[in-house]
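Novice: Sequence and predicted structure, then a few things I'm wondering about:
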Amino acid sequence: MAQFNDDNWLIKGIEEGKEEAFETLFMKYYTPLVVFAQKILVDEDLAKETVQDVFVMFYEKREKLNIHSSLRSHLYQSVKNRCLNQIKRNQIRRDHHANIFDDKKNDEAFVEDKLQETELEAKIFAIVHSLPDQCRRIFEMSRFDGITNQEIADKLSLSKRTVETQISKALKVMRANLKEYIAVVVLLVLYWMK
């Protein structure tokens, strides 16, 4: 099963036209790529369409894949280029989009920062989504909706102590699963514990 997540296996499988390899590629990268594209385009539907176009193009050219970097970097670079082309084509002149063309933001550091930011966000949402239903609901109400512990307790007919315990459990799961982002996690935990 480990081979299904291996990028070299994916590239080889796609070049050979294996449907399961393309499906695995899509499932592994689609959501993070959409989040990444949305940061550039500021439009969720356009971001999804752009990422889908990249996957279609990738599949159509599968027999002539020429990847010089990692598969992940290749996909993110392809999405970034397609986003920039989309912006040029649609003649969007907002300040946000103008910033994308700044030389300092077009370098690898900009792409890498966005990749890390996107991956962290995707991981946080995946962890929150994996929490038990009641724990997830309480955590989302507290941290995403800004509802106080007492208000959550009242709305869900629970004790305030139960709400606090569930939030503490969620934060413990977050810390355990985000060790590689330790500095960011410390800041998040400090912010969320206010």
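Specialist: Right, received. Where do you want to start? Quick caveat, the model's predicted, so the values are computed rather than measured. Residues are numbered from 1 along each chain as shown.
Novice: Let me know the pLDDT of L190.
Specialist: The model reports L190 with a pLDDT of 49.
Novice: I should have written F110 there, sorry.
Specialist: Model confidence at F110 (pLDDT) stands at 64.
Novice: so which strand or helix has L171?
Specialist: helix 160-177 (DSSP states H and E).
Novice: how far does that helix sit from the chain's center?
Specialist: 23 Å (CA atoms, centre = their mean, to the nearest Å).
Novice: Ok, stretch 37-50 next?
Specialist: Using CA atoms, centre = their mean, the offset of stretch 37-50 from its chain centre is 12 Å.
Novice: Any stretches of the protein with poor pLDDT?
Specialist: Counting by pLDDT under 70, the chain shows low-confidence ranges at 1-5, 68-69, 90-116, 180-194.
Novice: ok, and for the helix holding L171, which residues are buried?
Specialist: V163, Q166, I167, A170, L171, V173, M174 (16 or more other CB atoms under 10 Å). Glycine gets a C-beta too; all of them are placed from N, C-alpha and C.
Novice: Among those, which one sits closest to G146?
Specialist: Among these, I167 lies closest to G146 (CB to CB), at 13.1 Å.
Novice: wait, that closest one sits on S142?
Specialist: Yes. With contacts counted by CB atoms under 8 Å, I167 reaches S142, the gap being 5.5 Å.
Novice: which residues are in contact with both of the two?
Specialist: N149 (CB atoms under 8 Å, 6 or more residues apart in numbering).
Novice: Can you get me a residue count around S70?
Specialist: Residue crowding around S70 was assessed by other CB atoms under 10 Å; the count is 11.
Novice: and if you look at the one 3 residues further on?
Specialist: S73 is surrounded by 15 other residues when neighbours are defined as other CB under 10 Å.
Novice: how is this protein carved up into domains?
Specialist: Annotated domains of the chain cover 1-115, 131-194 [automatic domain parsing].
Novice: Just put those in TSV and tack on distance to F125.
Specialist: Output for these, formatted as TSV (distance: least, CB to CB, whole Å):
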stretch	distance to F125
domain 1-115	9
domain 131-194	10
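Novice: Nearest to A122 among these would be which one?
Specialist: domain 1-115 (4.7 Å).
Novice: wait, which of the domains of the chain is closest to K123?
Specialist: Taking the domains of the chain one by one with CB to CB, domain 131-194 is closest: 6.6 Å.
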